[in-house]
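>>> following is a predicted model, sequence given first.
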Amino acid sequence: MKVEIWSDVMCPFCYIGKRRFEDALQQFDQKDKVEIEWKSFQLNPDMKTDPSVNISQYLADAKGWTLEYAHQMNAHVTEMAAEVGLTYHFGRAVVANSFKAHRFSHLAKKHGLGVEAEEKLFRAYFTEGKNIDDTATLAELGNEMGLNRQEIIDVLSTDAYADDVKHDIAEAEYLGIRGVPFFVMDGKYAVSGAQPVPVFSQTLEKAFEEWKPTAISNTDDINGQVCGPDGNC
(Lines give C-alpha, C1' and ligand atoms only; values in the text may rest on other atoms or scores of the structure.)
Protein backbone atom coordinates (compact mmCIF):
# COMPACT_ATOMS: atom_id res chain seq x y z
CA MET A 1 0.00 0.00 0.00
CA LYS A 2 1.40 3.37 -0.98
CA VAL A 3 1.54 6.36 1.33
CA GLU A 4 2.30 9.68 -0.39
CA ILE A 5 3.55 12.56 1.73
CA TRP A 6 3.63 16.16 0.53
CA SER A 7 6.02 18.34 2.53
CA ASP A 8 8.55 21.15 2.44
CA VAL A 9 12.00 20.92 4.00
CA MET A 10 11.54 24.21 5.83
CA CYS A 11 8.18 23.24 7.39
CA PRO A 12 8.65 22.56 11.13
CA PHE A 13 5.42 20.57 11.38
CA CYS A 14 6.51 18.34 8.48
CA TYR A 15 9.46 16.97 10.43
CA ILE A 16 7.31 16.50 13.53
CA GLY A 17 4.61 14.85 11.42
CA LYS A 18 7.22 12.58 9.85
CA ARG A 19 8.28 11.32 13.27
CA ARG A 20 4.73 10.76 14.46
CA PHE A 21 3.84 8.90 11.27
CA GLU A 22 6.99 6.77 11.60
CA ASP A 23 6.07 5.93 15.18
CA ALA A 24 2.64 4.79 14.00
CA LEU A 25 4.14 2.82 11.13
CA GLN A 26 6.59 1.08 13.45
CA GLN A 27 3.62 -0.16 15.50
CA PHE A 28 1.73 -1.28 12.39
CA ASP A 29 1.79 -5.07 11.91
CA GLN A 30 1.76 -4.75 8.11
CA LYS A 31 4.49 -2.10 7.89
CA ASP A 32 6.55 -4.22 5.49
CA LYS A 33 3.75 -3.86 2.95
CA VAL A 34 3.72 -0.06 3.07
CA GLU A 35 5.58 1.97 0.43
CA ILE A 36 6.44 5.59 1.26
CA GLU A 37 6.77 8.25 -1.43
CA TRP A 38 7.71 11.82 -0.55
CA LYS A 39 6.30 14.62 -2.71
CA SER A 40 7.46 18.21 -3.15
CA PHE A 41 5.59 21.27 -1.89
CA GLN A 42 6.94 24.80 -1.56
CA LEU A 43 5.64 27.04 1.19
CA ASN A 44 7.41 30.11 -0.13
CA PRO A 45 8.56 29.73 -3.76
CA ASP A 46 9.74 33.36 -3.86
CA MET A 47 11.98 33.14 -0.79
CA LYS A 48 15.48 34.46 -1.44
CA THR A 49 18.32 32.51 0.10
CA ASP A 50 20.20 34.72 2.57
CA PRO A 51 22.44 33.02 5.19
CA SER A 52 23.05 36.39 6.83
CA VAL A 53 19.44 36.70 8.02
CA ASN A 54 18.30 35.16 11.29
CA ILE A 55 15.17 33.01 10.79
CA SER A 56 13.32 34.69 13.66
CA GLN A 57 14.02 38.10 12.18
CA TYR A 58 12.90 36.85 8.78
CA LEU A 59 9.61 35.56 10.20
CA ALA A 60 9.04 38.78 12.12
CA ASP A 61 9.58 40.87 8.98
CA ALA A 62 7.58 38.56 6.71
CA LYS A 63 4.59 38.17 9.03
CA GLY A 64 4.58 41.56 10.71
CA TRP A 65 5.40 40.05 14.09
CA THR A 66 7.60 41.50 16.78
CA LEU A 67 10.95 39.76 17.07
CA GLU A 68 10.01 38.66 20.58
CA TYR A 69 6.85 36.97 19.31
CA ALA A 70 8.81 35.20 16.55
CA HIS A 71 11.19 33.84 19.18
CA GLN A 72 8.22 32.68 21.28
CA MET A 73 6.65 30.87 18.35
CA ASN A 74 9.90 29.13 17.47
CA ALA A 75 10.38 28.15 21.11
CA HIS A 76 6.90 26.61 21.16
CA VAL A 77 7.58 24.56 18.03
CA THR A 78 10.96 23.52 19.44
CA GLU A 79 9.15 22.10 22.47
CA MET A 80 6.75 20.19 20.20
CA ALA A 81 9.70 18.75 18.29
CA ALA A 82 11.42 17.68 21.51
CA GLU A 83 8.34 15.62 22.44
CA VAL A 84 9.05 13.33 19.46
CA GLY A 85 12.80 13.23 20.00
CA LEU A 86 13.81 15.99 17.59
CA THR A 87 16.19 18.84 18.35
CA TYR A 88 15.40 22.13 16.63
CA HIS A 89 17.96 24.94 16.55
CA PHE A 90 16.14 27.86 14.97
CA GLY A 91 19.04 30.09 15.90
CA ARG A 92 21.16 28.18 13.38
CA ALA A 93 18.53 27.84 10.64
CA VAL A 94 19.55 29.31 7.28
CA VAL A 95 16.95 31.28 5.33
CA ALA A 96 16.99 29.37 2.05
CA ASN A 97 14.76 28.63 -0.93
CA SER A 98 13.88 24.92 -0.91
CA PHE A 99 13.53 24.29 -4.67
CA LYS A 100 17.06 22.90 -5.11
CA ALA A 101 16.59 20.66 -2.08
CA HIS A 102 13.45 19.25 -3.67
CA ARG A 103 15.38 18.53 -6.88
CA PHE A 104 18.01 16.77 -4.78
CA SER A 105 15.24 14.73 -3.16
CA HIS A 106 13.96 13.59 -6.56
CA LEU A 107 17.47 12.54 -7.57
CA ALA A 108 17.72 10.51 -4.38
CA LYS A 109 14.30 9.00 -5.09
CA LYS A 110 15.59 7.80 -8.47
CA HIS A 111 18.24 5.84 -6.58
CA GLY A 112 15.73 4.44 -4.08
CA LEU A 113 16.82 6.79 -1.31
CA GLY A 114 13.90 9.20 -1.20
CA VAL A 115 13.00 8.50 2.43
CA GLU A 116 16.63 8.81 3.52
CA ALA A 117 16.97 12.12 1.66
CA GLU A 118 14.01 13.65 3.49
CA GLU A 119 15.47 12.78 6.87
CA LYS A 120 18.85 14.20 5.87
CA LEU A 121 17.31 17.44 4.62
CA PHE A 122 15.11 17.97 7.67
CA ARG A 123 17.99 17.35 10.04
CA ALA A 124 20.29 19.61 8.01
CA TYR A 125 17.81 22.48 8.13
CA PHE A 126 16.32 22.27 11.62
CA THR A 127 19.14 20.74 13.66
CA GLU A 128 22.45 21.34 11.95
CA GLY A 129 21.85 24.82 10.53
CA LYS A 130 23.00 23.91 7.02
CA ASN A 131 22.13 25.79 3.84
CA ILE A 132 19.78 23.47 1.93
CA ASP A 133 20.09 25.71 -1.16
CA ASP A 134 23.85 25.14 -1.39
CA THR A 135 25.08 22.58 -3.93
CA ALA A 136 28.19 21.63 -1.95
CA THR A 137 26.08 21.04 1.16
CA LEU A 138 23.61 18.86 -0.73
CA ALA A 139 26.47 16.94 -2.37
CA GLU A 140 27.88 16.18 1.06
CA LEU A 141 24.48 15.05 2.39
CA GLY A 142 24.01 12.82 -0.62
CA ASN A 143 27.50 11.37 -0.31
CA GLU A 144 26.75 10.44 3.29
CA MET A 145 23.74 8.48 1.99
CA GLY A 146 25.76 6.64 -0.64
CA LEU A 147 24.98 8.83 -3.65
CA ASN A 148 27.74 9.89 -6.02
CA ARG A 149 28.95 13.34 -5.06
CA GLN A 150 29.85 14.35 -8.63
CA GLU A 151 26.49 13.19 -9.97
CA ILE A 152 24.75 15.44 -7.44
CA ILE A 153 26.90 18.41 -8.42
CA ASP A 154 26.33 17.76 -12.12
CA VAL A 155 22.56 17.38 -11.68
CA LEU A 156 22.19 20.49 -9.54
CA SER A 157 24.22 22.56 -12.00
CA THR A 158 21.36 22.06 -14.48
CA ASP A 159 17.58 22.27 -14.14
CA ALA A 160 17.26 18.47 -13.89
CA TYR A 161 14.27 17.29 -11.86
CA ALA A 162 12.76 20.77 -11.86
CA ASP A 163 9.77 19.42 -13.80
CA ASP A 164 9.35 16.63 -11.25
CA VAL A 165 9.17 19.16 -8.44
CA LYS A 166 6.70 21.29 -10.37
CA HIS A 167 4.61 18.22 -11.15
CA ASP A 168 4.31 17.38 -7.44
CA ILE A 169 3.32 20.96 -6.65
CA ALA A 170 0.75 20.99 -9.46
CA GLU A 171 -0.65 17.67 -8.25
CA ALA A 172 -1.01 19.10 -4.75
CA GLU A 173 -2.89 22.06 -6.14
CA TYR A 174 -5.15 19.76 -8.18
CA LEU A 175 -5.93 17.71 -5.07
CA GLY A 176 -6.72 20.84 -3.10
CA ILE A 177 -3.79 20.51 -0.71
CA ARG A 178 -3.42 23.85 1.05
CA GLY A 179 -0.89 23.00 3.73
CA VAL A 180 1.75 20.46 4.67
CA PRO A 181 2.48 17.88 5.85
CA PHE A 182 -0.24 16.06 3.95
CA PHE A 183 -0.42 12.26 3.96
CA VAL A 184 -2.46 10.27 1.42
CA MET A 185 -2.86 6.57 2.13
CA ASP A 186 -3.73 4.28 -0.76
CA GLY A 187 -5.00 7.29 -2.69
CA LYS A 188 -8.08 7.29 -0.49
CA TYR A 189 -7.57 8.48 3.07
CA ALA A 190 -5.79 11.74 3.88
CA VAL A 191 -4.31 13.07 7.09
CA SER A 192 -3.46 16.77 7.12
CA GLY A 193 -0.93 18.06 9.59
CA ALA A 194 1.27 16.68 12.36
CA GLN A 195 -1.47 14.57 13.91
CA PRO A 196 -0.99 12.49 17.08
CA VAL A 197 0.33 8.95 16.57
CA PRO A 198 -3.07 7.27 17.22
CA VAL A 199 -4.63 9.19 14.32
CA PHE A 200 -1.97 7.89 11.94
CA SER A 201 -2.36 4.40 13.36
CA GLN A 202 -6.12 4.36 12.91
CA THR A 203 -5.90 5.71 9.38
CA LEU A 204 -3.22 3.20 8.42
CA GLU A 205 -5.39 0.37 9.70
CA LYS A 206 -8.47 1.62 7.88
CA ALA A 207 -6.67 2.27 4.61
CA PHE A 208 -4.94 -1.08 4.68
CA GLU A 209 -8.16 -2.96 5.26
CA GLU A 210 -9.72 -1.29 2.25
CA TRP A 211 -6.58 -1.48 0.16
CA LYS A 212 -7.89 -1.18 -3.39
CA PRO A 213 -7.81 1.36 -6.27
CA THR A 214 -9.94 4.39 -5.51
CA ALA A 215 -10.17 8.08 -6.37
CA ILE A 216 -8.64 10.83 -4.30
CA SER A 217 -11.90 12.74 -4.74
CA ASN A 218 -13.38 10.47 -2.10
CA THR A 219 -10.69 11.34 0.42
CA ASP A 220 -11.65 11.59 4.08
CA ASP A 221 -9.73 14.53 5.55
CA ILE A 222 -8.39 14.78 9.08
CA ASN A 223 -7.00 18.23 9.71
CA GLY A 224 -4.20 19.29 12.04
CA GLN A 225 -1.35 21.78 12.27
CA VAL A 226 0.11 22.70 8.90
CA CYS A 227 2.21 25.34 7.21
CA GLY A 228 0.53 27.07 4.26
CA PRO A 229 1.83 28.81 1.11
CA ASP A 230 1.06 32.20 2.67
CA GLY A 231 3.74 31.51 5.25
CA ASN A 232 1.34 30.94 8.12
CA CYS A 233 2.07 27.98 10.40
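Thanks, I have the structure now.
>>> for Gln195, which non-adjacent residue is spatially closest?
Gly224 (4.5 Å; C-beta to C-beta, 6 or more residues apart in numbering). C-betas here are computed from N, CA, C, even on glycine.
>>> quick check: Phe122 touching Cys11?
No. In this structure, Phe122 is not within contact of Cys11 by C-beta atoms under 8 Å, at 9.0 Å.
>>> what about these two, which has more around it?
When Phe122 is set against Cys11 and neighbours are counted by other C-beta atoms under 10 Å, the residue ahead is Cys11, at 27 against 24.
>>> burial of the nearest residue to that one once chain neighbours are set aside, as a residue count?
Nearest residue to Cys11, sequence neighbours excluded (C-beta to C-beta, 6+ apart): Cys227, at 4.3 Å. Other residues near Cys227 come to 23 when the count uses other C-beta under 10 Å.
>>> over to Glu68?
Neighbour count for Glu68, taken as other C-beta under 10 Å: 10.
>>> any idea how far it is from Gly91?
15 Å (C-beta to C-beta, to the nearest Å).
>>> kindly report the same for Thr135.
Thr135 sits 24 Å away from Gly91 when distances are taken as C-beta to C-beta.
>>> of these two, who's got more company?
A direct count of neighbours by other C-beta under 10 Å for Thr135 and Gly91 places Thr135 higher, at 16 against 12.
>>> for the spatially closest residue to that one that is not a sequence neighbour, grab phi and psi.
Closest residue in space to Thr135, ignoring its immediate chain neighbours: Leu156 at 4.7 Å, by C-beta to C-beta, 6+ apart. Phi and psi for Leu156, reported as degrees, to the nearest 10, are phi -80, psi -10.
>>> pLDDT score for Leu156?
With respect to pLDDT, Leu156 scores 98.
>>> now do it: how many residues are near it, please.
Leu156 - counted by other C-beta under 10 Å - has 21 other residues nearby.
>>> ok so Val9 is a helix residue?
No. Assessed with DSSP: H, G, I helix; E, B strand; the rest coil, Val9 is coil; it does not lie in a helix.
>>> next, count neighbours for it.
28.
>>> which residue sits closest to Thr78, ignoring its sequence neighbours?
Spatial nearest neighbour of Thr78, chain neighbours left out: Tyr88 (4.4 Å); criterion: C-beta to C-beta, 6+ apart.
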